[in-house]
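In: here is a sequence with its predicted model. Questions after.
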Amino acid sequence: MFAVPLGEDGAELGPLEPWHAEEFLGHMDRGREFIGRHVGLADAVTDLASARAFLETYARKAAEDTGRIYGIRSGGKLVGGVLFRVMDVGQGVAEAGCWLEPSAAGRGLVTRALHVIIDWAVQERGIHRVEWHASSANEPSLNVARRLGMTRDGVLRESYLHRGRRADMEVWSVLAPEWRELRGGRA
């Protein structure tokens, strides 16, 4: 298995595959309420079968080149992840996302992990536009978009039904030329 270091604190980014289902479920159980405040992942992964099914969906997406999922590990323990929820290589558009359990929040892990996968998407896959969709109430997620140098494209009013309530979703994006400039030409 490969792992990409995410800095000097020993955190790593690596594959999250169906055989990780038990570990993924344990991670989700540790962070369920925290993760579920704004995203449906915590409600979708509730037992071993649903954890495996979720990861199998992303294994299929990877095989079809339409999405990817990666785990963030700290001290060898799964504490979060990043993904391309959708990826349309033909159109050059991908939507990135993330989640973390509370023990990993506030350490910059998501921002560092997203730098890795966005660099890959722009440099290796030719993605032109990386989008970020987040609830307007999810200030930590909106801050990630800001730290990544994304531009707020707009708000989809009451477009997301989550736990019986409608939420506004903000759409942010960064274009490949902007990303290269922000990264000093490295991407």
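Out: Cool, the structure landed.
In: what's next to stretch 169-177, contact-wise?
Out: With Cβ atoms under 8 Å, 6 or more residues apart in numbering as the test, stretch 169-177 has contacts from 92, 118, 122, 127-136, 142, 145, 148-156, 159-160, 182, 187. Using the backbone N, CA and C atoms, a C-beta is placed for each residue, glycine as well.
In: are any of the residues you listed buried, and which?
Out: For the contacts of stretch 169-177, a neighbour count by 16 or more other Cβ atoms under 10 Å gives the buried set as 92, 118, 122, 127, 129-136, 142, 145, 148, 150, 160, 182, 187.
In: which element follows the helix or strand of the chain with the lowest mean pLDDT toward the C-terminus?
Out: None of the helices or strands of the chain scores lower by mean pLDDT, DSSP states H and E than strand 4-5, at a mean of 90. For strand 4-5, the following helix or strand on the C-terminal side (DSSP states H and E) is strand 12-15.
In: show me the contacts for Gly7.
Out: By Cβ under 8 Å, 6+ apart, the neighbours of Gly7 are 108, 112.
In: let's see that with 6 Å instead.
Out: Counting by Cβ atoms under 6 Å, 6 or more residues apart in numbering, Gly7 makes contact with Arg112.
In: can I get stretch 127-146 in PDB, CA atoms only?
Out: Extracted in PDB, the C-alpha atoms of stretch 127-146 (Å, rounded to 0.1, in the frame of the first residue of the first chain):
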ATOM      1  CA  ILE A 127      -8.900  18.400 -14.600                       C
ATOM      2  CA  HIS A 128      -9.600  22.100 -15.300                       C
ATOM      3  CA  ARG A 129     -12.200  22.900 -12.600                       C
ATOM      4  CA  VAL A 130     -12.300  21.500  -9.100                       C
ATOM      5  CA  GLU A 131     -15.500  22.300  -7.200                       C
ATOM      6  CA  TRP A 132     -16.200  22.300  -3.500                       C
ATOM      7  CA  HIS A 133     -19.800  22.100  -2.300                       C
ATOM      8  CA  ALA A 134     -20.600  22.900   1.400                       C
ATOM      9  CA  SER A 135     -23.400  23.900   3.600                       C
ATOM     10  CA  SER A 136     -23.400  27.600   4.300                       C
ATOM     11  CA  ALA A 137     -23.600  26.600   8.000                       C
ATOM     12  CA  ASN A 138     -20.400  24.500   7.700                       C
ATOM     13  CA  GLU A 139     -17.900  27.300   8.500                       C
ATOM     14  CA  PRO A 140     -14.900  24.900   8.800                       C
ATOM     15  CA  SER A 141     -15.600  23.500   5.300                       C
ATOM     16  CA  LEU A 142     -15.900  27.000   3.900                       C
ATOM     17  CA  ASN A 143     -12.600  27.900   5.500                       C
ATOM     18  CA  VAL A 144     -11.000  24.900   3.700                       C
ATOM     19  CA  ALA A 145     -12.200  26.300   0.400                       C
ATOM     20  CA  ARG A 146     -10.700  29.700   1.300                       C
END
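In: many thanks, we can stop here.
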